[in-house]
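J.: Fold the following for me, if possible:
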Amino acid sequence: MTGPPPHTEHGPEEPCATGRALYERALREGRVSEADAAAAPCLLDFGLLQPSVTGLGHLEPVAPAVALHRLLSGSADRIAEERRREARLTEAYAPLLRTGTRAEAATDGSALTMLSGLPRINGVIGRAMATASHELLAIQPHSGQISISPEIHAEALARDQRLLDRGGRIRTLYQHTTRHLPRVLARYEQLAGDVEARTLDEVTERLIVIDRAVAFIPATPPDRTVAVEIRHPPLVAYLATTFDRLWRLATPMHPEAVRHPTTNGITHRQRAIAALLVEGHTDAVIAERLGMNVRTAREHIAKLSATLGSESRAQLGYLIGRSGILDQGR
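T.: Prediction:
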């Protein structure tokens, strides 16, 4: 007699047919035998089944929302560790980037250049814009800590208009929290030409790509007093492609604004907060990533709790998973 096919290793994001069928059966019947579960060991590995407290030799299903929350929490921990590793690598290699070597100078030329001080950064960007003819791609994260003088603002506005006058185009990504800021809206009212702006819940740090030939990124966020000028073609192409993909996911703001619909009384902003809550982030981290103050973030969390009928932070995560609102927002 031929037994069941051997189980193939896989991740929780790609459930096997045997495991899915057995888990659905466990949800319907309330439990399955350990012998049956042997055909799909992934269910125990991923926390979808657990030993029964009422019947020896049987396993009970873990609620899908609870299992999903645990899996997402594990993913969030891995992402956080990768971010800490990136920070350590950046800290370790930043002095070397600033120092450079003769070999680097011989092979890369000016592929990576450190720019210190806002006057020098703005001057180099201005010279790159003066010779641009095709496009300017920019990501402008919201930050209440950064203030721009009227002189710098006027200079940047004139610089952008000259690019538009030469037949170029401008595409800018902001966070959703800037959609109604008067200074942002006023900027677009003063520009004439092929200009578009869109918004996302979360964006990367500041990025400027000019004619897909040169890019600028901050080396010391959030104060941005040191920047990196990038003229390495593969790196510039990578940054431009990243911008293009974020642009397709973003919501139009200018010239015609589009509003996200409210679903079952839950706004798009609250769905974005719900996704970060399920990942286990604190109110302060949620506020920082979505470009709002902590008080506003807590007000949204309170409204989300009231809508879902949650009585505690722990219960809120469970109710978010069970409600399916994160799937509706995709």
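J.: how about the longest helix along the chain: buried residues?
T.: Counting residues, the longest helix found in the chain (DSSP state H) is helix 64-99. The neighbour-count check on helix 64-99 (16 or more other C-beta atoms under 10 Å) flags 65-72 as buried. Using the backbone N, CA and C atoms, a C-beta is placed for each residue, glycine as well.
J.: What helix or strand is residue 133 located in?
T.: Using DSSP states H and E, residue 133 sits in no helix or strand.
J.: pLDDT score for it?
T.: If you check residue 133, the pLDDT there is 90.
J.: Got the phi and psi for the closest residue in space to it that isn't next to it in sequence?
T.: Distance criterion C-beta to C-beta, 6 or more residues apart in numbering; nearest residue to residue 133, sequence neighbours excluded, is residue 166 at 5.5 Å. Backbone torsions for residue 166, taken as degrees, to the nearest 10, come to phi -90, psi 10.
J.: Same question for the one 10 residues further on.
T.: Note on residue 176: backbone dihedrals following degrees, to the nearest 10 are phi -60, psi -30.
J.: Please, where are all the strands along the stretch 1-150 of the chain?
T.: In the stretch 1-150 of the chain, the strands defined using DSSP state E, counting those that start in this stretch lie at 32-33, 49-51, 58-61, 112-116, 135-140.
J.: Quick one, which of those strands gets closest to residue 287.
T.: strand 135-140 (18.3 Å; C-beta to C-beta).
J.: Sheet partners, orientation included, of the closest one?
T.: Strand 135-140 sits in its sheet next to strand 169-175 (parallel), strand 207-210 (antiparallel), going by DSSP bridges.
J.: in the stretch 151-300 of the chain, which ranges drop under the pLDDT threshold?
T.: Within the stretch 151-300 of the chain, the stretches with pLDDT under 70 are 257-265.
J.: List the buried residues in the helix or strand hosting residue 155.
T.: Using DSSP H and E, residue 155 sits within helix 150-165. Going by neighbour count (16+ other C-beta under 10 Å), the buried part of helix 150-165 is 156, 159-161, 163-164.
J.: Please apply the same query to stretch 297-305.
T.: The neighbour-count check on stretch 297-305 (16+ other C-beta under 10 Å) flags 297-298, 300-301, 303-305 as buried.
J.: Likewise for stretch 179-187?
T.: 179, 184, 187.
J.: cool, and stretch 19-32?
T.: 19, 22-23, 26-27, 31-32.
J.: from these, which is closest to residue 131?
T.: Out of these, the member with the shortest distance to residue 131 (by C-beta to C-beta) is residue 19, at 58.4 Å.
J.: Return the backbone torsion pair for the residue nearest to the closest one when sequence neighbours are not counted.
T.: Once flanking residues are discounted, residue 19 sits nearest to residue 40: 3.9 Å by C-beta to C-beta, 6+ apart. Main-chain torsions, residue 40, degrees, to the nearest 10: phi -140, psi 70.
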